[in-house]
Each structure stands twice: as C-alpha cells, then as structure tokens.
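> Just need the structure, nothing else, for what follows:
(one chain, ligands or ions: 2)
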Amino acid sequence: MIIDMAQECYRHEEVLELESGEKLPGFEIAYTTQGHLTAAKDNVIWIVHALTGDANVQEWWSGIVGEDKFYDPTKHFIVCANLLGSNYGSTNPLSNNPTTGKPYYYDFPNLSTRDLAKALEHLRVHLGISSIHSLVGGSLGGQVALEWAYILKEKVKHTIILASNAKTSPWTIGFNETQRMAIEADSTWGENRPDAGKKGLEAARAIAMLSYRHPQDFDAKQKDLDEKLDGFRISSYLRYQGQKLANRFNAFSYWILSKAMDSHDIGRARGGTEKALSQIQSKILTIGVDRDLLFLKEESQFIANHVPKGSYKEISSRTGHDAFLIEYEQLQYILRSFYLEEV
Ligand SMILES: CC(=O)SCCNC(=O)CCNC(=O)[C@H](O)C(C)(C)COP(=O)(O)OP(=O)(O)OC[C@H]1O[C@@H](n2cnc3c(N)ncnc32)[C@H](O)[C@@H]1OP(=O)(O)O
Ligand SMILES: N[C@@H](CCO)C(=O)O
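Ligands and ions are numbered 1, 2, ... in the order given. Have a look, this model is predicted:
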C-alpha cells in the first residue's frame, strides 16, 4: 500500500507578535503530512523535532514512524513541521526580511519556545485540525510541545514529552552559551553571508555532543585500543560531527534555536512553573533517559508530578540524551504500555 506523504509550506501573511515584544512580519512553515484524516478527525499524531531536526520525521525517527511502525500512516495522520527559525524550509535568519528585501542575518528576532508553539498553532488552524490525538516532542521539541499543550487545552488528548523539561536549567543554558561563544569566536561571525560562523558552528556541535552522550557511550565506541600520544578517536569523532552539522545547518539558526531553548519556562507570566503545569488539560507522558546529562531525568519526572494527568517512564541507555532518537525498542514498549493503560 502506498501512503501519501505531502511536503508543503504554509505562509502566514499576518504579523507574528513575539513574546519579546518584537514582531515578525509574516512567516513560512515547511511541514509534512503522511496518511489520511479519519472522518472523525481523531487520528492526528503531531511530532515536534529537536534542535537540528526537520519535518521529515519518517527519516530521523524511522524506528517509530512509518508503515508497520508505532505511528503508522496507514492508521494515523502524521504531521511534522520544521520549527520557525530552523533552516529546513521555514522562515529563518537567512530568509529575506520583507522590510529590507535582504536576508535578516543578525536582525532576526529572538524567539521563545512559546513563539515556536504559537507558529505551530497557526499551522494547525490553517490545516483545519480541530483536535490532536497525540502531540509528541523530544528535547527542544518537547519544550515546544509542552508550551503548545498549555495553549491547546482540551484540543490535545495525549502529550508525550521525551528528554525535556518545564523550564531550562542553568546547566543547559550554560552549555548553549559555550556553543554561542564558539560561534562568536569565529572571525567570520558578524559578516553578512550565509556561512558566517561556520567553523564556530563546528566547535559548537562538538561541545554539544559532549552533552548529548554519556561518558560510557564514548568508552564503548571511541576508546583507543592502541597506545598513543595523539590522534585520539574521540577527537576525530567530535571534529567529524562538527563538520557534519555545519554542512547541513547554519550558525544563525543554531543561535536562534539555542536561545529559544534557553528561554523555555512554562510558568513565565503564568504564576510560576507548578501553577502552569497544573493547568495543562492533556494527559501527559514524560519519558526520561536514565543517563541523560543534559536534560536530567528528574526534570521529566517533575513535569509528570505536577500536571493533573501525568505519568513517567524511563529509557535505560548508555547513550545519554540522544537515546530518545535511538532506543526504538524501549520507546515502542513504553508507548504501547501508555496507550494500553487507557483501554
Ligand atoms: C540532513 C538531515 O536532515 S539530518 C536529519 C535531521 N536531524 C536530526 O534529526 C537531528 C537528530 N539526529 C541526531 O542528532 C543524530 O543523527 C543521532 C543522534 C540520531 C545519531 O547520531 P549519528 O551521528 O548518526 O551517530 P553516531 O554518533 O554513532 O555517529 C556516527 C557517525 O560518526 C562517524 N564516526 C564514528 N566514529 C568516528 C571517529 N572516531 N572519527 C570520525 N568519524 C566517526 C561514523 O562514521 C558515522 O558517520 P555517518 O553519520 O556519516 O554515517
Ligand atoms: N541530537 C539532537 C540534539 C538535541 O536533542 C539534535 O541534533 O537535534
């Protein structure tokens, strides 16, 4: 059976008022849909990608999304949109600023996770989706999904938040700051060109990798077995990962999305974190990773403990934070149990 997959772009013509008070004069959001809406419109699975992901969820989450996979387009209508600010088809700092007719570059406004959720909400309305069966997101995607669940109220039935939190910790903001410092240290940063800060972005990704993986993962995969003084495997791995990202991303989007992650605070202007969480109507499953060094499992547990309908499950993995993108078997088991509890 061939499942329809559509890649589209939504153009929002009106001004987007941002949490900072700044305004974005319209925006575009690239998105994919797979499968068909039922007549009752009750089979929408909306997946929100992490920091450097894109709308092609069936590629980066191939163990969970696809025919005969847990989220199956023969049964579900699966939507995934590229976040505002990211460079996989949505409006980002390399896009033309309609006011000047030139790319935004450094003039692109800072976005919060609430702004990112607001942009997705405009897309939902455009698509005529009245209710979301399951809203799913990991890491930055989990932060945006949590913000959106707050806004959506009863319009989302289940929200699944992986390796994420309710408010970004100083530890995570600190990691992001070191990565932006690496970009700033690139002598091309400050120039108006799409590849400004590219070498800095390589260093930023190398730093980030140390937060996405647990030391046990590197011990297992990058330990040198021969005696040597230099030229270590982990050095070459981190440099490779830096180049790999810098060849598919840009320093401007990285800057804006890492700043959005820093800003994440579900309780801001809502009476605090606990109060905001207590007002979320959706059933929430949070999934932590036992050895996540970036978004601690306690941060996932905190969400589950403070929403009215929350539960917590854990992935055990030596990978660390990135386990939510990799540990498909455990994830399927956890997801199956979560939905079965309802029956
Ligand atoms: C173009 C796109 O749209 S990409 C898809 C969108 N992006 C996302 O979804 C972001 C989320 N994804 C990710 O962060 C990652 O892909 C993950 C976490 C899922 C997996 O990470 P990976 O980098 O694939 O895995 P891993 O850490 O094992 O690294 C493997 C790579 O490092 C290379 N490598 C491993 N050890 C070394 C070493 N010592 N020296 C040099 N290279 C090395 C491997 O050859 C492999 O290269 P390849 O990616 O070109 O095949
Ligand atoms: N590996 C993830 C990291 C953040 O969860 C990404 O690149 O999006």
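
> Every contact and neighbour count from this point should use C-alpha atoms.
Noted.

> just so I have it, where are all the helices in the stretch 51-200 of the chain?
57-60, 113-127, 140-152, 170-184, 198-212 (DSSP state H, counting those that start in this stretch).

> so, in contact with ligand 1 or not, the last one?
No - counting by Cα under 6 Å from any ligand atom, ligand 1 is not contacted by helix 198-212; separation bottoms out at 7.9 Å.

> what comes up buried for the helix or strand following that helix?
For helix 198-212, the succeeding helix or strand toward the C-terminus, using DSSP states H and E, is helix 215-221. For helix 215-221, burial by neighbour count (16 or more other Cα atoms under 10 Å) applies to Pro215, Phe218.

> Please state the offset of helix 215-221 from the chain centre?
25 Å (Cα atoms, centre = their mean, to the nearest Å).

> Contacts for it next, please.
The contact list for helix 215-221, computed with Cα atoms under 8 Å, 6 or more residues apart in numbering, reads Ile234, Arg318, Thr319, Gly320.

> which residue ranges form the strands in the stretch 201-343 of the chain?
Applying DSSP state E, counting those that start in this stretch to the stretch 201-343 of the chain gives strands spanning 283-289, 310-315.

> same question for the first one, mean pLDDT?
Per-residue confidence for strand 283-289 averages out to 98 on the pLDDT scale.

> Which residues does that strand contact?
Strand 283-289 is contacted from outside by 157-164, 296-298, 300-301, 303-304, 307-317, 320-321, 323-324, 338, using Cα under 8 Å, 6+ apart.

> Measure how buried Thr91 is and give me the count.
Residues lying near Thr91 (other Cα atoms under 10 Å) number 25.

> Return the residues in contact with the residue of the stretch 151-300 of the chain found nearest ligand 2.
As assessed by Cα to the nearest ligand atom, ligand 2 sits closest to Tyr212 within the stretch 151-300 of the chain, at 6.4 Å. Contacts for Tyr212 were tallied using Cα under 8 Å, 6+ apart; they are Asp292, Leu293, Leu294, Thr319, Gly320, His321, Asp322.

> at 6 Å what do you get?
The neighbourhood of Tyr212, defined by Cα atoms under 6 Å, 6 or more residues apart in numbering, consists of His321, Asp322.

> which of the contacts of strand 283-289 are buried?
Among those, those buried by neighbour count (16+ other Cα under 10 Å) are 157-164, 296-298, 300-301, 303-304, 307-308, 310-315, 317, 320-321, 323-324, 338.

> Now do the contacts for the nearest residue to Asn92 once chain neighbours are set aside.
Excluding its sequence neighbours, the residue lying closest to Asn92 (Cα to Cα, 6 or more residues apart in numbering) is Gly85, at 4.0 Å. Applying Cα under 6 Å, 6+ apart to Gly85 gives the contacts Thr91, Asn92, Ser253.

> Out of these, which is nearest to Trp171?
Ser253 (21.2 Å; Cα to Cα).

> State the number of residues packed around that closest one.
Ser253 has 23 neighbours, counted by other Cα under 10 Å.

> what's the distance between the residue of the stretch 151-300 of the chain closest to ligand 2 and Ala196?
For Tyr212, the distance to Ala196 (Cα to Cα, to the nearest Å) stands at 25 Å.
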